[in-house]
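Starting from these lines, generate the structure:
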Amino acid sequence: MSYSINRRPLLGGATDSEFEDDLETEVDDPNITIPDEKPFFKSYEPHDKYNLAYIVFYLLGINTLIPWSFFITADDYWMYKFREIHNNSTNLTHTYAELLEQKTDLQASFTSYLSVASAIPNTLFLILNAFISKKVSLTIRMVGSQCAILLLFILTTAFVEMNTDKWQNAFLIITLTTVALVNAASAIFGGSLMGIVGKFSPKYITAMSGGQALGGIFTALAEVCSLWIGASPVLSGLVYFIIGDTMLLLSLIAYILLEKAPFFKHHMIEKVPELDSDYSINREVSFSTNPSVSYTRIIKRIWHYGISIFLIFFISLAVYPAVTVLVESEYKGKGHAWNDIYFVPVVTYLIFSTGDYAGRVLCGILQWPRGKPWLVIFLSVARGIFIPALMFCNAQPRHHLPVYIHSDIYYILITIAFAVTNGYLCNLTFILAPTIVDNQEKEIASAMMGAFLGIGLASGAALSLYMVKAL
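Predicted coordinates:
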């Protein structure tokens, strides 16, 4: 064994060729090893074991719309609670048709009251959530909001069996206050959830988004089953709210468990390039500790998708469900149960929710157009064609516009296209918005998308009042 020893003085001159000769001699020696520049340990990335996080995001997505869906679906229950009271009227088995023969002022106005009590706090708190995410911890927002919704829903369930006939006005105030508080808490919950999924892959964004549509399918099936078994208004209301209580409780438990999962913690870690890797790996996400986040910068980056999500829901809510719920079958009144009883709940709610769900799932597979925000805006605006298309369907009663689309088949096809495009473009904006901001901005960017969505919902709902009068 021989070694090549460098005997030159430390500061002595040397030519490049001489230095290369020394280097080659050392490298060629099999007893001398050069350290590997690659890190010895690879960063650990936990997996979603058994797809539990995926399932939980589905459940959480369902529960973002459960409160609103069940309040709306229990329409026959509310009509019974606010019916005309007679001294000898204590029977709880009035049919929905009997209750609608002569609507009282409370019955006629309740749906409008419900929409206002829902839309205003929902929009305000979706906007508020985008700003408090830097100051209030994620656990408090998610767990606290779900606990509040569950307690308020239990209170609503307790009123089902109470005799409120002698204090209907007080019951109305209590109900609308409950609805406003539920929607405020639901906005914090939904906005925070959108912020969370913004830090995950499109697969999990699709799970949350698909869960929202699945919630609509769930409540529509509950309404159809209630009609099928001929349940009384009180019984159907009780069943709706008990199911809602159960789903909300399961959602709360599931989220608490999800927060402890290594997979969830890994994605909620905030990568800070300036800091040591060991420190950043073990540092939990907390927007309250990151002063570098700029709301102005985020809005400048995502405003294209924010405008798109606003337009999607503004157009949808302008006619759905205010106008679509009025569309009747062309064969109504001929004694067929499908045309007289099931047409509206199946087409307006079940088929729309199913199409909406299909569009969201499709977007999870194919995100087109990517990197072209102006094209996304154009497609969102193009959906405006559905407003006149649905307005000219057989919505009754009407006083100003003629009916051009009488066929049930054409109406169903329009509804399917309307629903699929709603779900596809909605999910597309949710998936693409977090991809154009920095990692530490993803949660706030997704929460801001929720705020744009809320403004679209409120604006569309307000416009729907005029759309109905324009028929």
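
quick one: least confident helix or strand in this structure?
Confidence across the helices and strands of the chain bottoms out at helix 277-281, with a mean of 41, counting by mean pLDDT, DSSP states H and E.

Could you export the helix or strand hosting Thr156 as CSV, CA atoms only?
Following DSSP states H and E, the helix or strand that holds Thr156 is helix 138-160. Listed next in CSV are the C-alpha coordinates belonging to helix 138-160 (Å, rounded to 0.1, in the frame of the first residue of the first chain):
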residue,chain,number,x,y,z
LEU,A,138,-57.6,26.5,14.2
THR,A,139,-58.7,24.2,17.0
ILE,A,140,-60.9,26.9,18.6
ARG,A,141,-62.4,27.8,15.3
MET,A,142,-63.2,24.2,14.2
VAL,A,143,-64.1,22.6,17.4
GLY,A,144,-65.8,25.7,18.9
SER,A,145,-68.0,26.3,15.8
GLN,A,146,-69.0,22.6,15.6
CYS,A,147,-70.0,22.6,19.3
ALA,A,148,-72.1,25.7,18.9
ILE,A,149,-73.9,24.3,15.8
LEU,A,150,-74.6,21.0,17.6
LEU,A,151,-76.0,22.7,20.7
LEU,A,152,-78.2,25.0,18.7
PHE,A,153,-79.4,22.1,16.6
ILE,A,154,-80.3,20.2,19.8
LEU,A,155,-82.3,23.2,20.9
THR,A,156,-84.2,23.2,17.6
THR,A,157,-84.9,19.5,18.0
ALA,A,158,-86.3,20.1,21.5
PHE,A,159,-88.8,22.6,20.1
VAL,A,160,-90.3,19.9,17.8
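
which residues of the stretch 101-250 of the chain fall in strands?
For the stretch 101-250 of the chain, strands defined by DSSP state E, counting those that start in this stretch do not occur.

what about Ile173, neighbour count?
The number of residues packed near Ile173 is 11, by other Cβ atoms under 10 Å. (C-beta placed from N, C-alpha, C; glycine too.)

Distance-wise, check it relative to Leu317.
In this view, Ile173 and Leu317 are 26 Å apart by Cβ to Cβ, to the nearest Å.

try Asp245
Spatial separation of Asp245 from Leu317 under the definition Cβ to Cβ is 27 Å.

which of those two has more neighbours?
The residue with more neighbours, out of Asp245 and Leu317, is Leu317; 22 against 19, by other Cβ under 10 Å.

And Leu359, which helix or strand is it part of?
Actually, residue 359 is Gly. It isn't Leu. Short version: Gly359 belongs to helix 352-365, going by DSSP H and E.

Show me what that helix packs onto, helices and strands only.
The elements that helix 352-365 packs onto, with contact taken as 3 or more Cβ pairs under 8 Å, 6 or more residues apart in numbering; DSSP states H and E, are helix 202-229, helix 408-432.

elements contacting the last one?
Read that as helix 408-432. helix 202-229, helix 295-319, helix 352-365, helix 373-382, helix 386-391, helix 442-470.

Let me know which of these is the nearest to Ile120.
helix 442-470 (7.0 Å; Cβ to Cβ).

Kindly calculate the angle that that closest one makes with helix 408-432.
Orientation of helix 442-470 against helix 408-432 (axes from the mean of the first three to the mean of the last three Cα atoms, to 10 degrees) gives an angle of 160 degrees.

Use 7 as the first number from now on
Yes, from this point I'll number from 7; that puts the last item at helix 448-476.

buried ones in helix 448-476?
Of the residues in helix 448-476, those buried by neighbour count under the rule 16 or more other Cβ atoms under 10 Å are 448-467, 469-470, 473-474.

mind checking how far the helix holding Gly365 is from the chain centre?
The gap between the average C-alpha position of helix 358-371 and the chain average comes to 13 Å, counting by Cα atoms, centre = their mean, to the nearest Å.

who's in contact with Ser124?
Residues in contact with Ser124, defined by Cβ atoms under 8 Å, 6 or more residues apart in numbering, are 74, 77, 185-186, 189.

go again using 10 Å as the cut-off
Applying Cβ atoms under 10 Å, 6 or more residues apart in numbering, we find Ser124 in contact with 73-74, 77-78, 182, 185-186, 188-190, 192-193, 463-464, 467.

Pull out the buried residues from these.
Buried subset of the contacts of Ser124 (neighbour count, 16+ other Cβ under 10 Å): 73-74, 77-78, 182, 185-186, 188-190, 192-193, 463-464, 467.

Low-confidence ranges, the stretch 207-356 of the chain, go.
Low-confidence regions of the stretch 207-356 of the chain, defined by pLDDT under 70, span residues 276-298.

quick revisit: looking at the helices and strands packed on helix 414-438, which is closest to Ser198?
Closest to Ser198 of those, according to Cβ to Cβ: helix 448-476, at 7.1 Å.

Report all helices and strands that the closest one contacts.
Using 3 or more Cβ pairs under 10 Å, 6 or more residues apart in numbering; DSSP states H and E as the contact criterion, the elements in contact with helix 448-476 are helix 111-138, helix 174-203, helix 301-325, helix 392-397, helix 414-438.

ok, the residue lying closest to Cys432 once chain neighbours are set aside to Gly390 distance?
Closest residue to Cys432 apart from its sequence neighbours, by Cβ to Cβ, 6 or more residues apart in numbering: Ile318 at 5.5 Å. Distance check for Ile318 against Gly390: by Cβ to Cβ, it reads 10 Å.

Compare these two (neighbour count), which wins?
Legend: neighbour count by other Cβ under 10 Å for Ile318 and Gly390, higher for Ile318 (27 against 13).

How far off centre is stretch 193-202?
Remark: stretch 193-202 is offset 8 Å from the chain centroid, using Cα atoms, centre = their mean.

and what of stretch 402-421?
Put simply, stretch 402-421 sits 29 Å off its chain's centre (Cα atoms, centre = their mean).

Could you list the buried residues of that stretch?
Buried positions in stretch 402-421, judged by neighbour count with 16+ other Cβ under 10 Å: 411, 414, 417, 420-421.

In JSON lines: these, plus pLDDT and distance to Ser151.
Supplementary listing: the buried residues of stretch 402-421 in JSON lines, determined by pLDDT from 0 to 100; distance: Cβ to Cβ, whole Å:
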{"residue": "Ile411", "pLDDT": "96", "distance to Ser151": "42"}
{"residue": "Asp414", "pLDDT": "96", "distance to Ser151": "41"}
{"residue": "Tyr417", "pLDDT": "97", "distance to Ser151": "38"}
{"residue": "Ile420", "pLDDT": "98", "distance to Ser151": "36"}
{"residue": "Thr421", "pLDDT": "97", "distance to Ser151": "32"}
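
between the residues you listed, which is nearest Cys153?
With Cβ to Cβ as the yardstick, the closest approach to Cys153 among the buried residues of stretch 402-421 comes from Thr421, at 36.9 Å.

and that closest one, what is it in contact with?
By Cβ under 10 Å, 6+ apart, Thr421 lies in contact with 326, 330, 333, 353-354, 357-358, 361, 392, 395-396, 399.

number of nearby residues for Gly250?
Residues lying near Gly250 (other Cβ under 10 Å) number 26.

Check whether it really touches Ser192, as I assumed.
No - applying Cβ atoms under 10 Å, one finds Gly250 not in contact with Ser192, separated by 11.7 Å.

Touching both of those two, which residues are there?
69, 72-73, 155.

now the residues you listed as CSV including distance to Tyr311, pLDDT and secondary structure?
Converted to CSV, the shared contacts of Gly250 and Ser192 look like this (distance: Cβ to Cβ, whole Å; pLDDT from 0 to 100; DSSP: H, G, I helix; E, B strand; the rest coil):
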residue, distance to Tyr311, pLDDT, secondary structure
Asn69, 24, 89, helix
Ile72, 26, 81, helix
Pro73, 26, 79, helix
Ile155, 28, 95, helix
